[in-house]
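Engineer: No sequence on hand, only this structure:
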């Protein structure tokens with residue numbers, strides 16, 4: 001059965017995008033336990049392999065069944081559009097132990113025998129202690145798996161939010177929900193978002209609105225089904241994941257590098273999605289002042305356009321820029 005999220009009159013006014021470093025940490029831990037989800041992330045996995053072995057991820061993965069309930073309190077909808085990991089994990093540590101125990105019980109029941117393991121029994125007997133241990137493990141996983149690459153990941157996630165926010169302004173809710181993922185189906189006549197996701201979930205939004213959250217490590221799935229008291233949330237794969245782990249030289253055609261110079265060509269080819277100067281500098285590992293200078297030259301040459309979005313200027317390739325940045329033939 002698909003999930004149904006039913007909008008009331010006020011809910012379209014309370015849609016927001018958000019980014020969650022805590023969610024990315026949780027999803028990265030899941031990727032390490034799911035070979036089928038590792039394809040796009042092999043360069044990352046090779047880089048973090050030694051650090052990951054230093055963290056005991058088994059208690060976290062015990063609460064990640066293949067299908068069914070995961071503890072919502074461990075990965076709640078983010079507090080704001082760009083909460084830090086420290087802010088998010090501090091909120092998790094404050095969870096009511098009774099709520100945590102209910103979440104543990106539901107999640108452990110999804111995997112036969114999980115509740116009878118030593119770790120499962122320990123969680124159920126002392127939920128407050130389990131919350132502290134799991135938060136400590138998530139903190140260690142953040143440092144080992146995500147923090148070293150967070151500027152790159154955040155740049156991609158922020159570019160996705162900027163793109164879809166602009167589409168929302170241009171075409172409204174129906175356009176955005178129709179573009180986020182093939183699993184989404186917006187029924188305007190009933191004001192219902194249908195999410196093709198395993199399980200059964202039917203939830204009126206009741207004026208809480210909806211959080212739309214891009215994710216790197218959730219690919220290729222969508223995730224929904226956050227239960228009360230959490231705000232309804234849908235997690236979807238971020239745009240542009242195919243080039244996430246490639247270096248500038250890997251995505252820059254040799255002929256273009258000879259024409260423009262390797263750095264300037266790398267800037268052009270990195271703009272597969274609209275990006276601001278700071279995000280692009282993080283992605284390329286270069287100083288923002290240097291990237292800004294190259295962006296100006298490329299824009300003056302007709303290879304880029306720029307537009308202001310909120311407090312930042314986003315750059316994207318023109319048709320000529322797209323044509324020049326295509327891979328070398330043959």
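Structural biologist: Nice, I can see it. Source: prediction; values computed, not measured. Numbering: from 1, shown residues only.
Engineer: what are the ranges of the strands in the chain?
Structural biologist: Using DSSP state E, the strands of the chain run over residues 3-6, 15-17, 184-187, 192-195, 201-204, 210-215, 233-237, 304-309, 312-317.
Engineer: Which neighbouring elements make contact with the last one?
Structural biologist: Packing contacts for strand 312-317, counted by 3 or more Cβ pairs under 8 Å, 6 or more residues apart in numbering; DSSP states H and E, involve helix 150-180, helix 277-284, strand 304-309. (Each C-beta comes from the backbone N, C-alpha and C, glycine too.)
Engineer: tell me the angle it makes with helix 150-180.
Structural biologist: Put simply, strand 312-317 runs at 70 degrees to helix 150-180, going by axes from the mean of the first three to the mean of the last three Cα atoms, to 10 degrees.
Engineer: gap between strand 312-317 and the chain center?
Structural biologist: 21 Å (Cα atoms, centre = their mean, to the nearest Å).
Engineer: Kindly report the same for the fourth one.
Structural biologist: Between the mean C-alpha location of strand 192-195 and the chain-wide mean there is a distance of 20 Å, by Cα atoms, centre = their mean.
Engineer: Same check on the second one?
Structural biologist: For strand 15-17, the gap between its own C-alpha mean and the chain's C-alpha mean amounts to 14 Å (Cα atoms, centre = their mean).
Engineer: Direction included, what does that strand pair up with?
Structural biologist: strand 210-215 (parallel) (DSSP bridges).
Engineer: Repeat that for the first one.
Structural biologist: Here the strand partners of strand 3-6, with direction, are listed using DSSP bridges: strand 192-195 (antiparallel), strand 201-204 (parallel).
Engineer: Can you give me the neighbour number for the residue nearest to residue 181 when sequence neighbours are not counted?
Structural biologist: With sequence-adjacent residues excluded and distances taken as Cβ to Cβ, 6 or more residues apart in numbering, residue 181 is closest to residue 236, at 4.7 Å. For residue 236, the count of nearby residues is 22 (other Cβ atoms under 10 Å).
Engineer: so what's residue 236 bridging to?
Structural biologist: Under the criterion used (DSSP bridges), residue 236 bridges to residue 214.
Engineer: Show me the shaky parts of the protein.
Structural biologist: Applying pLDDT under 70 to the chain picks out residues 1, 198-200, 225, 242-243, 246-253, 309-311, 326-330.
Engineer: still on that earlier bit, as JSON lines, the strands of the chain with distance to residue 71 would be great.
Structural biologist: Output for these, formatted as JSON lines (distance: least, Cβ to Cβ, whole Å):
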{"stretch": "strand 3-6", "distance to residue 71": "18"}
{"stretch": "strand 15-17", "distance to residue 71": "23"}
{"stretch": "strand 184-187", "distance to residue 71": "25"}
{"stretch": "strand 192-195", "distance to residue 71": "20"}
{"stretch": "strand 201-204", "distance to residue 71": "16"}
{"stretch": "strand 210-215", "distance to residue 71": "17"}
{"stretch": "strand 233-237", "distance to residue 71": "14"}
{"stretch": "strand 304-309", "distance to residue 71": "36"}
{"stretch": "strand 312-317", "distance to residue 71": "35"}
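Engineer: Quick check: which of those is nearest to residue 82?
Structural biologist: strand 15-17 (9.9 Å; Cβ to Cβ).
Engineer: Return the set of buried residues in that closest one.
Structural biologist: Applying a neighbour-count criterion of 16 or more other Cβ atoms under 10 Å, one finds 15, 16, 17 buried in strand 15-17.
Engineer: Roughly how far does residue 220 sit from residue 52?
Structural biologist: Per Cβ to Cβ, to the nearest Å, residue 220 is found 22 Å from residue 52.
Engineer: Comparing those two, which residue is more hemmed in?
Structural biologist: residue 52 (16 against 13).
Engineer: can you tell me which residues contact that one?
Structural biologist: 32, 144, 145 (Cβ atoms under 8 Å, 6 or more residues apart in numbering).
Engineer: Repeat that for residue 287.
Structural biologist: So residue 287 contacts residue 281 (Cβ under 8 Å, 6+ apart).
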